[in-house]
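J.: Following is a predicted model, sequence given first.
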Amino acid sequence: MSPAPKAAVKTGWSIGPVTPRVGLNIAVIATLAVVPAYAALTGNAFALTLFTRVVILAIAALSLNLIMGFGGMVSFGHAAYLGIGGYAVGILAKEGIGSGFVQWPIAVAAAALYALIVGALSLRTRGVYFIMITLAFAQMIYYVAIGLDRYGGDDGLTIYHRSSFGGLIDLSNRTVFYYFCFGLLLVGIYLVWRIVNSRFGMVIRGARSNERRMRAIGFPTFRYQLVCFVIAGAMCGLAGALLANHTDFISPAMMHWTRSGDLIVMVVLGGMQAMFGPLIGALTFLVLEEGLSRLTEYSNLILGPLLLVVAISIHGGIDGLITGQRGG
Amino acid sequence: MEDLTKRFGGVVAADGVSLALPAGELHAIIGPNGAGKSTLIGQLTGEVAPDSGRIRFDGQEITNLPVYQRSQLGLARSFQVTTLFPDFTALDNVALSVQAHSGHSFHFWRNAQSEAELREPAQMALARVGLSERAATPVADLSHGERRQLEIAMALAGRPRMLLLDEPMAGMGPEESARLVELLRALKGGITVMLIEHDIDAVFALADRISVLVYGRIIATGDPAAIRADHAVREAYLGEGGADG
């Protein structure tokens, strides 16, 4: 992917003042919008699979950006929400409840409840302790999933029927499913944008910037951070439900701690506090991962140092690189 | 009626401090470095828990209230070391302070930066400290003196009944200091102010009463003339402070 030239092209026929950032965002969205057409024309079904994954994990990264980028709460257990959302769908499917109208609300509610519990405990701490507690909870859920023998234990569980929405929408059609996820992502970005700029968002951002001052001017920061934590958890739970439908399979691996690390990398790579940062980060990360794994089986040996260089050299991730605001 | 009493025992930083401020009084606390002035503010705002003693504000016991609740009751402070939101503009900083005192903030939809209800009072607070023209400037680009002024604007924006000012003039230029003296003079009588300040001239020009804090004890309380005449005070503090003043 070469974002910079694309952005330059877009600015050429812009109506309003299109910054490089806006240009890049438009380019990414335009690219994602034509993926199914590209896949159909070239017969490259794998492209659709890969980009569906990109879009779903972008929703997860988006939710992480809300608490980590805007709220300063570095959760190192975010994959647990993916797992909880996924397992909610998988377990219900196994038990014969295939309706998405039941599965998805339960997936979101379960993830939100988990976030409420983890947040209520972890938000009393800061820094490394916060990171460790969120990680510890995620590990606990991971081992719980391994212990679920009825639902495949370590081996995971195949989902034979995707969530049904009573003929309203057919998720087993891969193109429909892709656009459905893509639409949810765009709605999610819009929601996060609204939240971040609302009064609630100002409190969250203020607490990240200077918590002591927030309390001094009269904000009970804990309850706002907790609500933000729950919103992010619920959103990621939805991503988990999507992921389970995408892979038709759930396993403890989807909430392995390295997955939580991947999500953090996506957010940092794309640019924290940038509205489209998580999407750009997820896209870059997953495409790089895929591309490198085709070149060599030691792809992580290349990907790891590459990400390290990005993290060290450009503050603000790709967004910072494009806008030049936080570069250096 | 404002009525603030505080007693401590066993703490070196504050050794049995008792003080009552009538409503509307501008009360200055002076004393050498390490006398426990900032600790005193910390205990009043709730950041430092006293080992013993009680604090009452407007007749209400607040000794065990958390920081934010005291702020909600009308107890505002400025920090000795500038404590702002560096990513936000000056106006955003003050608007957040206004927002803290206009109901809960569980509003997820409307853009807070276009709410007149928050922006207008914030503009007014900025105008009072003379920062109107810098409203859109990020805090990171403000000068040190301007940040000090912003500290005051943020404390004022919540419409407090009592202001705790921790060395507000530290790092201000003479012009900014003079402006702040004027502002505090205008506030006098309306808001109760506890002023901790090293600028002795400003203190004597403004204060209704002055307390002298040395090693966690108040060694004298009185009007400026009485403090100036006090023997123990001259020995403990004014002698060294007066040399460069």
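T.: Sure, I can see it. Computed from a predicted model, the values in this text were never measured in an experiment.

J.: Spatially central, which residue of chain A would that be?
T.: A:Ala60 (1.8 Å; Cα atoms, centre = their mean).

J.: immediately after the helix or strand harbouring A:Ile264, which helix or strand?
T.: Taking DSSP states H and E as the criterion, the element that holds A:Ile264 is helix A:257-270. Scanning forward in sequence from helix A:257-270 by DSSP H and E, the next helix or strand is helix A:277-295.

J.: What is the burial count for the residue nearest to A:Gly85 when sequence neighbours are not counted?
T.: Distance criterion Cβ to Cβ, 6 or more residues apart in numbering or on different chains; nearest residue to A:Gly85, sequence neighbours excluded, is A:Gly240 at 2.3 Å. No exception for glycine: its C-beta is placed from N, CA and C like everyone else's. Counted with other Cβ atoms under 10 Å in any protein chain shown, residues neighbouring A:Gly240 total 31.

J.: just checking, what packs against the helix or strand containing A:Gly240?
T.: Under the criterion of DSSP H and E, A:Gly240 resides in helix A:221-247. In terms of contacts (3 or more Cβ pairs under 8 Å, 6 or more residues apart in numbering or on different chains; DSSP states H and E), helix A:221-247 is packed against helix A:45-64, helix A:79-94, helix A:100-122, helix A:174-197, helix A:199-209, helix A:211-216.

J.: mean confidence for that helix?
T.: Across helix A:221-247, pLDDT averages out at 97.

J.: Can you report phi and psi for the nearest residue to B:Leu213 once chain neighbours are set aside?
T.: Excluding the flanking residues, the one nearest B:Leu213 by Cβ to Cβ, 6+ apart is B:Gly31, at 3.8 Å. With angles defined as degrees, to the nearest 10, B:Gly31 sits at phi 160, psi 160.

J.: mind listing what B:Gly31 touches?
T.: By Cβ atoms under 8 Å, 6 or more residues apart in numbering or on different chains, the residues touching B:Gly31 are B:Lys37, B:Val212, B:Leu213, B:Val214, B:Ala236, B:Tyr237.

J.: Can you pick out the most distant pair from those?
T.: Maximum pairwise distance among these (Cβ to Cβ): 13.7 Å, between B:Lys37 and B:Ala236.

J.: Quick one: distance of stretch A:201-211 to the chain centre.
T.: 22 Å (Cα atoms, centre = their mean, to the nearest Å).

J.: Please apply the same query to stretch A:125-140.
T.: On Cα atoms, centre = their mean, the centre of stretch A:125-140 falls 19 Å from the chain's centre.

J.: can you pull the buried residues of it?
T.: Going by neighbour count (16 or more other Cβ atoms under 10 Å in any protein chain shown), the buried part of stretch A:125-140 is A:Phe130, A:Ile131, A:Ile133, A:Thr134, A:Leu135, A:Phe137, A:Ala138, A:Gln139.

J.: How about residues contacting it?
T.: By Cβ under 8 Å, 6+ apart, stretch A:125-140 touches A:73-80, A:114, A:117-118, A:121-123, A:255, A:257, A:260.

J.: Are any of the residues you listed buried, and if so which?
T.: A:73-80, A:114, A:118, A:122-123, A:255, A:260.

J.: Reformat those residues as CSV; add pLDDT and distance to chain B.
T.: Below are the buried ones among the contacts of stretch A:125-140 laid out as CSV (pLDDT from 0 to 100; distance: Cβ to the nearest Cβ, whole Å):
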residue, pLDDT, distance to chain B
A:Met73, 95, 16
A:Val74, 93, 17
A:Ser75, 93, 20
A:Phe76, 94, 23
A:Gly77, 95, 24
A:His78, 97, 21
A:Ala79, 97, 26
A:Ala80, 98, 24
A:Tyr114, 98, 21
A:Val118, 97, 21
A:Ser122, 96, 19
A:Leu123, 96, 15
A:Met255, 93, 28
A:Ser260, 95, 26
